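Novice: Below: sequence and its predicted model.
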Amino acid sequence: MTKSTYGPSDARGVWVYLEHQEGQLEGVSLELLRQGRELADALETSLTGLLLGYALGDLPRRAVACGADVVLTADHPALQLYGTDSYTRAVTAMVQDGKPDVLLLGATPNGRDLAGRLAVRLRTGLTADCTGLSVDPERRLLRGDVVGFGGGIVATILCPEHRPQMATVRPGIFAQPEPHFDRQGDVRSFPVAPEPEDARVRVLERSVSDSVDLTRAGAIVAVGRGARGDMGVLERLAQLMHAEIGGTRVAADQGWIGRERQIGQTGVVTAPRIVVCCGISGAIHFTVGVDKAECVVAINTDPDAPIFEHADYCIVDDMFAVLPHLVEELAKAGALAG
């Protein structure tokens, strides 16, 4: 690899790129503030949040409340909406000026778009789609855990010679912090000067979909190959549980659920209070998406299904024999409560 723009001896601090929408920090950015705080404390260094946009309001104060020691802002009309060229140029300048040791971004569409371009501009490495982060304080190395080869292994990746050590992290991996608005921090403005070539792509229209965000779901009914596309009883169960429907890649590929509802390595990582896994064998590329659930209920006809190793309650039976009884009892309980 070509020599990076600065080395380990010049690098200090943990930085988190903060995404926001409609005046609120995105969930993954809050998660990274909490994890970044832990990493910064382990390295005995500061935590900085990067905020780009226009008319940022009290977002810097919220970032400080959630753990940032410093919030570095780039507030300019040209940055009101995310643009690949303008944001890459601005963040590259901020990083080259501040020389962080670690730079974390959410593995969102914009975060992934930005991270790869930053890594090229800064001539450093990027560990993408991490499911775990830790540090080696003595060597000041970031350890990024990545599930690979269809879920068969978990690799820990290091970037010992280049800085910043970059990683993108899947939403839902870490818990969000409790904000403390009495916390003190430093908000600094970074000057930006947009270039004409930054306007090569213009946003003509912006539409925000109403698609579900499973990373924030409190309860999930997860669907696998065993559902065979028969979603009626599963949807009724989800309705009674006030749960969202999710599922495996097979369920998404077959069109039984939307792609945004896919759970696992190639979908989303969830942390609900309860998840009911119906007709799911339990390959690791799915279970990585439900391992943070407080309670896992699994229903499968195969007593040796791997999903049972991750479950708190195991039911060895045909899901279509079990679920109607469960739906009936939940309906009775709801009627009594009403």
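Specialist: Happy to help now that I have it. Numbering: from 1, shown residues only.
Novice: Give me the domain ranges for this structure.
Specialist: 8-199, 214-337 (automatic domain parsing).
Novice: State the distance from the residue nearest to Gly282 when sequence neighbours are not counted to Val201.
Specialist: Nearest residue to Gly282, sequence neighbours excluded (CB to CB, 6 or more residues apart in numbering): Ile307, at 2.8 Å. Backbone N, C-alpha and C define where each C-beta goes, glycine included. Separation of Ile307 from Val201 (CB to CB, to the nearest Å): 44 Å.
Novice: what about the two, which has more around it?
Specialist: Per other CB atoms under 10 Å, whichever of Ile307 and Val201 has more neighbours is Ile307, with 23 against 10.
Novice: show me the residues around the closest residue to Ala175 other than its chain neighbours that make contact.
Specialist: Spatial nearest neighbour of Ala175, excluding adjacent residues (CB to CB, 6+ apart): Arg34 at 6.3 Å. Residues in contact with Arg34 (CB atoms under 8 Å, 6 or more residues apart in numbering) are 66-67, 174-177.
Novice: Which one (most neighbours) among those?
Specialist: Going by other CB under 10 Å, Cys66 tops those with 28 neighbours.
Novice: Check what pLDDT that one gets.
Specialist: At Cys66, the model reports a pLDDT of 97.
Novice: wait, it sits on Leu25?
Specialist: Yes - the pair Cys66 and Leu25 passes the contact test of CB atoms under 8 Å, sitting 7.4 Å apart.
Novice: returning to what we had before: ok, now which ones touch the residue nearest to Gly282?
Specialist: 277, 280-282, 287, 298, 300.
Novice: now do 6 Å
Specialist: 277, 280, 282, 298, 300 (CB atoms under 6 Å, 6 or more residues apart in numbering).
Novice: Equivalent analysis for Ala227, please.
Specialist: Gly279.
Novice: So the spatially closest residue to Arg200 that is not a sequence neighbour versus Arg61, what's the distance?
Specialist: Distance criterion CB to CB, 6+ apart; nearest residue to Arg200, sequence neighbours excluded, is Asp85 at 6.2 Å. For Asp85, the distance to Arg61 (CB to CB) stands at 29 Å.
Novice: Also Leu126?
Specialist: In terms of CB to CB, Leu126 sits 30 Å off from Arg61.
Novice: now do Pro194
Specialist: Counting by CB to CB, the gap from Pro194 to Arg61 is 26 Å.
Novice: again, but for Val288
Specialist: For Val288 relative to Arg61 (CB to CB), the value is 35 Å.
Novice: neighbour count winner among the two?
Specialist: Set Val288 next to Arg61 and count neighbours by other CB under 10 Å: Val288 wins out with 22 against 17.
Novice: In contact with that one: list those residues for me.
Specialist: With CB under 6 Å, 6+ apart, Val288 has these contacts: 131, 147, 264-265.
Novice: What is the most widely separated pair among those residues?
Specialist: Using CB to CB, the contacts of Val288 reach their maximum pairwise distance at Thr131 and Gly264, which is 10.4 Å.
Novice: These two: which is more packed in?
Specialist: Gly264 (25 against 20).
Novice: Phi, psi for that one please.
Specialist: Gly264 adopts backbone torsions of phi 120, psi -160, taken as degrees, to the nearest 10.
Novice: all numbers from here: first residue = 28
Specialist: In the new count, where the first residue is 28, that last one comes out as Gly291.
Novice: Distance of it relative to Ala278?
Specialist: Remark: distance between Gly291 and Ala278 (CB to CB) = 11 Å.
Novice: ok, the residue nearest to the spatial centre of the chain - contacts?
Specialist: Nearest to the mean C-alpha position of the chain, counting by CA atoms, centre = their mean, stands Pro198 at 1.2 Å. By CB under 6 Å, 6+ apart, the contact set of Pro198 is 55, 242.
Novice: so what's the backbone phi/psi at it?
Specialist: According to degrees, to the nearest 10, Pro198 has phi -60, psi 140.
Novice: Same question for Val343.
Specialist: phi -90, psi 100.
Novice: do the same with the one 3 residues further on
Specialist: Main-chain torsions, Met346, degrees, to the nearest 10: phi -60, psi -30.
Novice: Which parts of the stretch 28-177 of the chain are strands?
Specialist: For the stretch 28-177 of the chain, the strands defined by DSSP state E, counting those that start in this stretch occupy 41-45, 47-48, 51-52, 74-80, 97-102, 129-133, 153-157, 159-163, 168-175.
Novice: quick one: low-confidence parts of this protein?
Specialist: For the chain, residues meeting the criterion pLDDT under 70 lie at 28-29, 175-179, 223-226, 233-237, 362-365.
Novice: Am I right that Gly199 is in contact with Thr242?
Specialist: Yes - Gly199 sits in contact with Thr242 when judged by CB atoms under 6 Å, with a separation of 3.6 Å.
Novice: Identify the contacts common to the two.
Specialist: Going by CB under 6 Å, 6+ apart, residues that sit against Gly199 and also against Thr242 are Val295.
Novice: More neighbours: which of the two?
Specialist: Gly199 (23 against 18).
Novice: Ramachandran coordinates for that one?
Specialist: The phi/psi pair for Gly199 (degrees, to the nearest 10) is phi 90, psi 0.
Novice: show me the residues around it that make contact.
Specialist: 242, 295-298.
Novice: rerun that using 10 Å as the cut-off
Specialist: 54-55, 58, 158, 240-244, 290, 295-299, 316, 319 (CB atoms under 10 Å, 6 or more residues apart in numbering).
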